[in-house]
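Novice: got a sequence here, can you model it:
(chains A and B)
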Amino acid sequence: MREQDQFDIDDLFAQARKSETVIDNDGFSDRVMSKLPKHQGLSSVAQAIIMTLAVLSGIAIVLAILPPIPLASLDIGSAVNGIKISFVSLLVLYIAWMAVCLSSIGIARSLSSRL
Amino acid sequence: MPSDRALIARALKQDQHAFSELVKRHQSALRYSLRQLTGWDVSLADDLAQETFIRVYKNLNQYRGDSEFFTWVYRIAYRVFAANYRSRQGQYSRQTLSLMDDDVHYEKLDSDSGNSLENNRLQVEVSKMLEQFQPEQRAALHLHLHREYTHQEIADIMNCPLGTVKSHIQRGKAKLREQMQARHEGEAGEVPTEKKQ
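Specialist: Predicted coordinates:
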C-alpha cells in the first residue's frame, strides 16, 4: 500500500512534468530588456577619458625610457627657478601618475557596476 | 544556435541582444516554476521572473560557469521568491488559490497558454498542493519532484545544508502522500447529489 502511494506522488509530478505548460514569450523578454540598467559598464565618456589617460601615460613612459635628449642635461625649470630634474625623480613621478590612473580606473569601474 | 556560454560572453560585452536571447530561451521554465511556487499567481510570478532576470544581468560577471546557467538563474530566482514571500508573509498564495478554485480560472488558463484544460487543472492542482509548505520546503519539493534536480544541486541552489534539503523532501513527500490518501478516501465516500441537498 505504501509503495503504491509513493508511486502516486511521483506519478503525479511526472504527469505535471510531462504536461508542463510552455509559456509563450509574448513580450516578456522586451519587458525585461526595458527594465535593464542603461549601462552596465563604464559610460562612453568615462571610457574615453581613461583611454586618453592610458595613452598619455604610455607616451610618458616611452619618453622616460628613451628620452629624445639626455635627461642629465634636462633643465626643465630653468625658466622658473633653475630646478633640474633627475631621471629617478621623473621615473618616480611617472610611477605615481600610473598609480593614480589605475586607481581611477578601479574606482570608476566599481562605481559604474553599482549603478 | 549559440550556447548559453557564448551568449553570456557576448552579454558581458554589453551585447543586450545576446542577453535578450538568454531571456527568451529560459523564460518559460522560470516563469512556470515561479507560478508553481506562488500558487499559480501569474502576475506575481512574472514580476518575480522579471526581477530575477534583472539581477542575473547585473551579476552576470559573477557567473563562474561551475554549474549550468539555468541552475545559477534558479539560485537567484529562489532568493527573489523567498524575499518576496517574507515581505508578504505568505499571504499572496492563499488569496490567489482561493480565486483559482473555479473552472472559470482554469478556462482562462486554457485560453492563455493553449494547453489542455485537463493539463492546466493538473498544474494548478500541484501548485495548490505545494502551497501548504513553507517556501524552503516548497522550492525543494518543486526542484526535486518536478525539475528533477539532485539533493546536492538543490542544496546549492537554496544555499542550505544537504541534510536540510533531504529532510524537506522526505517530510514533504510524506505529507503529500497522506493528503493524497485522505483525498482519495474522501472522494470515494463522497456523493455529490446528496451533499447539495
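
Novice: for the rest of this, base every contact and every neighbour count on C-alpha atoms.
Specialist: Noted.

Novice: quick one: least confident helix or strand in chain A?
Specialist: For chain A, scoring each helix and strand by mean pLDDT, DSSP states H and E identifies helix A:87-114 as the least confident one, at a mean of 68.

Novice: can you give me the helices in the chain?
Specialist: This is for chain A. Per DSSP state H, chain A carries helices over the ranges A:2-18, A:28-35, A:44-65, A:87-114.

Novice: actually it's chain B I care about, not the one you picked
Specialist: With DSSP H, the ranges of helices along chain B come out as B:4-12, B:16-37, B:42-58, B:69-88, B:91-99, B:103-113, B:117-131, B:135-141, B:151-158, B:162-189, B:192-196.

Novice: buried ones in the fourth one?
Specialist: If I follow you right, that is helix B:69-88. Along helix B:69-88, these residues count as buried under the neighbour rule (16 or more other C-alpha atoms under 10 Å in any protein chain shown): B:69, B:71-78, B:80-82, B:85.

Novice: turn these into TSV, columns for distance to B:Q16.
Specialist: As requested, the buried residues of helix B:69-88 are arranged in TSV below (distance: C-alpha to C-alpha, whole Å):
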residue	distance to B:Q16
B:F69	17
B:T71	21
B:W72	19
B:V73	17
B:Y74	21
B:R75	22
B:I76	20
B:A77	20
B:Y78	24
B:V80	22
B:F81	25
B:A82	28
B:Y85	30
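
Novice: let's have those in JSON lines, adding pLDDT and distance to chain A.
Specialist: What follows is these, written out as JSON lines (pLDDT from 0 to 100; distance: C-alpha to the nearest C-alpha, whole Å):
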{"residue": "B:F69", "pLDDT": "95", "distance to chain A": "17"}
{"residue": "B:T71", "pLDDT": "94", "distance to chain A": "17"}
{"residue": "B:W72", "pLDDT": "96", "distance to chain A": "18"}
{"residue": "B:V73", "pLDDT": "96", "distance to chain A": "14"}
{"residue": "B:Y74", "pLDDT": "96", "distance to chain A": "17"}
{"residue": "B:R75", "pLDDT": "96", "distance to chain A": "18"}
{"residue": "B:I76", "pLDDT": "96", "distance to chain A": "15"}
{"residue": "B:A77", "pLDDT": "97", "distance to chain A": "14"}
{"residue": "B:Y78", "pLDDT": "96", "distance to chain A": "18"}
{"residue": "B:V80", "pLDDT": "96", "distance to chain A": "15"}
{"residue": "B:F81", "pLDDT": "95", "distance to chain A": "17"}
{"residue": "B:A82", "pLDDT": "94", "distance to chain A": "20"}
{"residue": "B:Y85", "pLDDT": "91", "distance to chain A": "21"}
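
Novice: pLDDT weak spots in chain B?
Specialist: Along chain B, the model assigns pLDDT under 70 to residues B:90-116, B:187-197.

Novice: how about the residues of it that lie near chain A?
Specialist: By the criterion of C-alpha under 8 Å from any C-alpha of the partner chain, the positions of chain B lying close to chain A are B:14, B:16, B:20, B:23-24, B:27-29, B:31-32, B:50, B:53-54, B:57-58, B:113, B:115, B:119-120, B:122-123, B:126, B:145-147, B:173, B:176-177, B:181.

Novice: pull out the buried members of those.
Specialist: Going by neighbour count (16+ other C-alpha under 10 Å), the residues of chain B next to chain A have B:16, B:20, B:23-24, B:27-29, B:31-32, B:50, B:53-54, B:57-58, B:115, B:119-120, B:122-123, B:126, B:145-146, B:173, B:176-177 buried.

Novice: what about stretch B:46-60, distance to the chain center?
Specialist: 15 Å (C-alpha atoms, centre = their mean, to the nearest Å).

Novice: give me the number of residues near residue 46?
Specialist: Looking at chain A here, since you left the chain open. A:A46: 15 surrounding residues under other C-alpha atoms under 10 Å in any protein chain shown.

Novice: wrong chain, I was asking about chain B
Specialist: Residues near B:D46, counting by other C-alpha under 10 Å, number 19.

Novice: residue closest to the middle of chain B?
Specialist: Here the mean C-alpha position of chain B is nearest to the C-alpha of B:S33 (C-alpha atoms, centre = their mean), at a distance of 2.5 Å.

Novice: counting neighbours, what do you get for the closest residue to chain B within chain A?
Specialist: Of chain A, the residue with the smallest distance to chain B, taken as C-alpha to the nearest C-alpha, is A:I23 at 4.9 Å. By other C-alpha under 10 Å, the residues close to A:I23 number 16.
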